[in-house]
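S.K.: Below is the structure, and that's it, no one-letter string:
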């Protein structure tokens with residue numbers, strides 16, 4: 001019975017890895033108990049659209065075969081998230097320069113993931129411009145956890161948030177030297193009681209210096225997003241960011257083009273204020289996907305000012321763009337983890 005059911009599950013395809021889930025080794029040992037079929041699946045990106053569709057397709061096939069499905073997750077991959085039980089999928093949001101809207105992307109990405117049902121942590125590591133608490137309308141400050149030794153993160157918009165901005169006043173400049181910055185970031189990261197998370201979004205400072213390298217060493221980053229605006233001067237710096245991750249064997253999940261274009265409310269005409277096509281050129285140059293083109297829209301700025309991420313704003317164009325970014329980012333996370341598992345499954349099969 002189990003072999004028949006397993007063969008039937010080969011009807012389910014992985015649309016990103018472009019093969020069926022049985023051939024890819026994404027189905028574990030199937031067990032049938034009466035009318036119930038227990039099916040372990042190698043899935044690593046909770047609430048991603050592609051993995052949600054795969055589970056729905058699996059349930060449909062199992063029911064077509066006359067069983068009630070009970071699905072579980074069993075993934076054995078070599079990504080940072082797969083090397084430690086309960087580790088979240090860590091996503092670093094990076095840019096080679098300031099002023100491209102990296103923190104805005106981080107906030108709306110994390111919020112959109114949480115709105116899809118994921119448990120999400122957001123770490124504001126932008127030392128010299130920690131704006132995320134304001135962008136989320138956070139008035140509270142982190143407190144001590146029950147053990148009195150760790151920090152309890154602030155919760156807002158379904159996120160668990162920690163920011164270096166909690167340590168300094170709103171108008172106080174951060175004038176710490178590099179060693180002090182690294183020490184504070186490390187303590188904030190490891191002394192915070194994050195709890196169980198599916199995704200952990202890290203808003204990196206702009207640039208490719210000591211702070212970024214320290215965080216790459218401290219956190220098992222599964223993948224990074226490179227944020228840019230369309231013009232060449234921004235692309236020049238974004239390239240440095242992409243190369244930084246490549247040198248540290250960190251996957252770049254994709255490129256985000258922010259301030260992509262402005263659509264006039266009066267006439268409906270699109271105006272490319274900062275040139276056009278830059279994000280796609282950067283993505284093509286490094287063979288990474290362009291995950292989203294975020295429009296230049298006053299609603300994004302207004303949402304940041306009042307602490308209401310624009311992604312929560314119904315069906316506006318910016319909200320749709322950020323939701324698409326979150327979905328595609330989650331799908332890329334799943335791609336990395338399932339591909340790693342599948343490659344391992346193939347190697348095991350060849351060695352047997």
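M.R.: Received it, and whenever you're ready, just let me know what you need. Keep in mind the model is a prediction, meaning the values are calculated, not measured. Numbers count the residues shown, from 1 in each chain.

S.K.: those helices in the stretch 201-350 of the chain, which residues are they?
M.R.: When assigned using DSSP state H, counting those that start in this stretch, the helices of the stretch 201-350 of the chain occupy the ranges 210-218, 232-247, 278-286, 298-306, 317-351.

S.K.: Go through stretch 130-140 and flag the buried ones.
M.R.: Of the residues in stretch 130-140, those buried by neighbour count under the rule 16 or more other C-beta atoms under 10 Å are 130-136, 138. C-beta here means a position set from N, CA and C on the backbone, and glycine is covered the same way.

S.K.: Now the terminal residues of that stretch, how far apart.
M.R.: One end of stretch 130-140 sits 15 Å from the other (C-alpha to C-alpha, to the nearest Å).

S.K.: Distance of residue 45 relative to residue 326?
M.R.: Here the distance between residue 45 and residue 326 works out to 11 Å (C-beta to C-beta, to the nearest Å).

S.K.: which residues of the protein score low on pLDDT?
M.R.: 1, 143, 145-148, 169-178, 208, 261-275, 345-352 (pLDDT under 70).

S.K.: residue closest to the middle of it?
M.R.: Against the mean C-alpha coordinate of the chain, by C-alpha atoms, centre = their mean, the closest residue is residue 91 at 4.5 Å.

S.K.: Now do the same contact list for it.
M.R.: Taking C-beta atoms under 8 Å, 6 or more residues apart in numbering as the criterion, residue 91 is in contact with 109, 199-202, 221-225, 253, 329, 333.

S.K.: cool, and residue 4?
M.R.: When contacts are taken as C-beta under 8 Å, 6+ apart, residue 4 is in contact with residue 65.

S.K.: does it sit in a helix or strand, and which one?
M.R.: When elements are assigned from DSSP states H and E, residue 4 belongs to helix 2-9.

S.K.: next one: residue 182
M.R.: Assigned by DSSP H and E, residue 182 belongs to helix 178-191.

S.K.: List the buried residues for that helix?
M.R.: Burial within helix 178-191, assessed by neighbour count using 16+ other C-beta under 10 Å, is assigned to 181-182, 184-185, 188-189.

S.K.: can you check stretch 51-71 too?
M.R.: 51-52, 54-55, 57-59, 61-62, 65, 67, 69.

S.K.: Check which residues of the helix holding residue 4 are buried.
M.R.: Within helix 2-9, the residues that qualify as buried are 5, 8-9, counting by 16+ other C-beta under 10 Å.

S.K.: quick one: terminal-to-terminal distance for stretch 281-297?
M.R.: Between the start and the finish of stretch 281-297 there is a gap of 22 Å, counting by C-alpha to C-alpha.

S.K.: Strands along the stretch 1-150 of the chain, start to end?
M.R.: Secondary structure of the stretch 1-150 of the chain (DSSP state E, counting those that start in this stretch): strands located at 13-14, 19-20, 31-33, 36-41, 68-73, 89-94, 120-124, 143-144.

S.K.: which parts of the fourth one are buried?
M.R.: For strand 36-41, a neighbour-count test (16+ other C-beta under 10 Å) marks 37-41 as buried.

S.K.: can you check the third one too?
M.R.: Of the residues in strand 31-33, those buried under the neighbour-count criterion (16+ other C-beta under 10 Å) are residue 32.

S.K.: Check which helices and strands that strand sits against.
M.R.: Helices and strands touching strand 31-33, as assessed by 3 or more C-beta pairs under 8 Å, 6 or more residues apart in numbering; DSSP states H and E, comprise helix 2-9, strand 36-41.

S.K.: try 7 Å this time
M.R.: Contacts defined by 3 or more C-beta pairs under 7 Å, 6 or more residues apart in numbering; DSSP states H and E place strand 31-33 against helix 2-9.

S.K.: ok and the helix it packs on relative to strand 68-73, angle-wise?
M.R.: Going by axes from the mean of the first three to the mean of the last three C-alpha atoms, to 10 degrees, helix 2-9 is angled at 80 degrees with respect to strand 68-73.

S.K.: Please tell me how far helix 2-9 is from the chain's geometric centre.
M.R.: Mean C-alpha position of helix 2-9 versus that of the full chain (C-alpha atoms, centre = their mean, to the nearest Å) differs by 34 Å.

S.K.: Could you do stretch 104-121 as well?
M.R.: Going by C-alpha atoms, centre = their mean, the spacing between the C-alpha centre of stretch 104-121 and its chain's C-alpha centre is 8 Å.

S.K.: ok, and what's touching it?
M.R.: Contacts of stretch 104-121 with the rest of the structure, by C-beta atoms under 7 Å, 6 or more residues apart in numbering, involve 46-47, 88, 93, 122, 132, 135-136, 157-160, 194, 196-201, 203, 227, 256, 258, 300, 304, 309-312, 322-323, 325-326, 329-330.

S.K.: Distance to residue 287 added to the strands of the stretch 1-150 of the chain, as a markdown table?
M.R.: As requested, the strands of the stretch 1-150 of the chain are arranged in a markdown table below (distance: least, C-beta to C-beta, whole Å):
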| stretch | distance to residue 287 |
| --- | --- |
| strand 13-14 | 20 |
| strand 19-20 | 21 |
| strand 31-33 | 41 |
| strand 36-41 | 28 |
| strand 68-73 | 30 |
| strand 89-94 | 18 |
| strand 120-124 | 28 |
| strand 143-144 | 45 |
